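[1] I would like the atomic coordinates for the input below:
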Amino acid sequence: MVSLLFTILIILNTVVLAMDRYPISPELTEQYDVLNFSFGVAFLMEMLLKLLGLGLGGYFKTNFNRFDFVVVMFSIVEVRSSCHHGTQGLGGVLNTRE
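    Numbering: from 1, shown residues only. Below you'll find the model as predicted:
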């Protein structure tokens, strides 16, 4: 059930990223930023729960979890970058989760 939830979140995240365009209104940019932040938080929580459940060794045993870790770290960098500089950041990196 949890796996299905995160699969749906990944699909929704992909749709939101695909809707980005130029030119875009400041209001829509703000909405995309909020959605991107929300997806990032959800994926970070998933990673932390897996780390707690599997432990460090168990989590990093699979290549997918290693890849997921790198993508979540990039999303944190992107959110911090967009908060400090008001830029789009790394954009489609979050789309590579699946």
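
[2] grab the most central residue of the protein for me.
    The residue lying closest to the centre of the chain (Cα atoms, centre = their mean) is G40, at 3.7 Å.

[3] and that residue, how far from G55?
    24 Å (Cβ to Cβ, to the nearest Å). C-beta: built from backbone N, CA, C; applies to glycine.

[4] and the longest helix seen in the chain, what does it pack onto?
    Scanning the chain for the longest helix, with DSSP state H as the assignment, gives helix 26-59. Applying 3 or more Cβ pairs under 8 Å, 6 or more residues apart in numbering; DSSP states H and E, we find helix 26-59 packed against helix 2-18, helix 63-85.

[5] can you give me the buried ones in it?
    Applying a neighbour-count criterion of 16 or more other Cβ atoms under 10 Å, one finds 32-33, 35-36, 39-40, 42-43, 46-47, 50, 59 buried in helix 26-59.

[6] the lowest-mean-pLDDT helix or strand in the chain packs against which elements?
    In the chain, no helix or strand scores lower on mean pLDDT, DSSP states H and E than helix 63-85, which sits at a mean of 86. Packed against helix 63-85 by the contact rule (3+ Cβ pairs under 8 Å, 6+ apart) you find helix 26-59.

[7] and the helix it packs on with helix 2-18, angle?
    Angle, helix 26-59 to helix 2-18, by axes from the mean of the first three to the mean of the last three Cα atoms, to 10 degrees: 140 degrees.

[8] in this structure, where is pLDDT below threshold?
    Along the chain, the model assigns pLDDT under 70 to residues 84-98.
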